[in-house]
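Asks: using only what follows, build the 3D model:
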Amino acid sequence: MIWLHGGAWMERHAGERSRALLAEHGLDVVPVTYRLSHEATWPAQLEDVRSAARKVRADHPDAPLLVAGTSSGAHLAVHLGLRGVDAPDDVSAVIACAPPVDPLAADWPECREDGSPWARLLGHVPAPGDEMTADSTPANHVGNGVPILLMHGYEDTVVPPTQTLDLSNALLASGHPVTAYLGAGGHDADLARDDIRQVIASFLSRLP
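Replies: Just a heads-up that it's a prediction; the model follows:
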């Protein structure tokens, strides 16, 4: 499993504890980083995680590739799962915690303000009809059937929980095996919590 850090595409939140907790599920978790929005705009971040995934895959040639991340890292994890590394079906599963996935959502107008994390990622304010906005929106890339686990705290004030619900609907409509879990808590998921551990374990147990 490669782990993609959060930080609003502007900072690197390493997530050592989350990686250690995922490793307790029997996963070999490899941290991966990517250029931040002040270093490069979209899609440089996706290019970076694809490049890193190739190296991880080369080091583990006989193992399925799983991808996980939190917040902005979850956004990239979903993209990698839906679009693949080198082929649309070369990622086996995705675990995404509190993913920001739709900068045009009606209930998230902050995304469309100058200086917002989304505006910094794209290099301009997200807008309908904008090619880069559309490309950075995961729902526009659904359909390869990769299994995805989405987790979100219903008290999240950073990324609205409706981001997970809306993406879940798009994935289900396109035939993806989806597990969506909304539980107590805010933006930072505590992967040590019993309910979250059970959700992750159940999701992993159903993978081919």
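
Asks: so the residue nearest to the spatial centre of the chain: helix, strand or coil?
Replies: The residue lying closest to the centre of the chain (C-alpha atoms, centre = their mean) is Ala74, at 2.0 Å. Local secondary structure at Ala74 is given as helix here, using DSSP: H, G, I helix; E, B strand; the rest coil.

Asks: that one: what's it in contact with?
Replies: Leu4, Gly6, Ala68, Ala96, Cys97, Ala98, Pro99, Pro100 (C-beta atoms under 8 Å, 6 or more residues apart in numbering). (Glycine included, C-beta is placed from N, CA and C.)

Asks: from Glu131, how far off is it?
Replies: Taking C-beta to C-beta, to the nearest Å as the measure, Ala74 and Glu131 are separated by 23 Å.

Asks: kindly format the C-alpha coordinates of whichever helix in the chain runs longest as PDB.
Replies: Counting residues, the longest helix found in the chain (DSSP state H) is helix 44-59. The C-alpha trace of helix 44-59 is given here as PDB (Å, rounded to 0.1, in the frame of the first residue of the first chain):
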ATOM      1  CA  ALA A  44       1.800  17.500 -11.500                       C
ATOM      2  CA  GLN A  45       0.600  15.900  -8.200                       C
ATOM      3  CA  LEU A  46      -1.000  13.000 -10.000                       C
ATOM      4  CA  GLU A  47       2.100  12.600 -12.200                       C
ATOM      5  CA  ASP A  48       4.300  12.500  -9.000                       C
ATOM      6  CA  VAL A  49       2.200   9.800  -7.300                       C
ATOM      7  CA  ARG A  50       2.100   7.700 -10.500                       C
ATOM      8  CA  SER A  51       5.900   7.900 -10.700                       C
ATOM      9  CA  ALA A  52       6.300   6.900  -7.100                       C
ATOM     10  CA  ALA A  53       3.800   4.100  -7.500                       C
ATOM     11  CA  ARG A  54       5.900   2.600 -10.300                       C
ATOM     12  CA  LYS A  55       8.900   2.500  -8.000                       C
ATOM     13  CA  VAL A  56       6.900   0.800  -5.300                       C
ATOM     14  CA  ARG A  57       5.400  -1.700  -7.700                       C
ATOM     15  CA  ALA A  58       8.900  -2.500  -9.000                       C
ATOM     16  CA  ASP A  59      10.000  -3.200  -5.400                       C
END
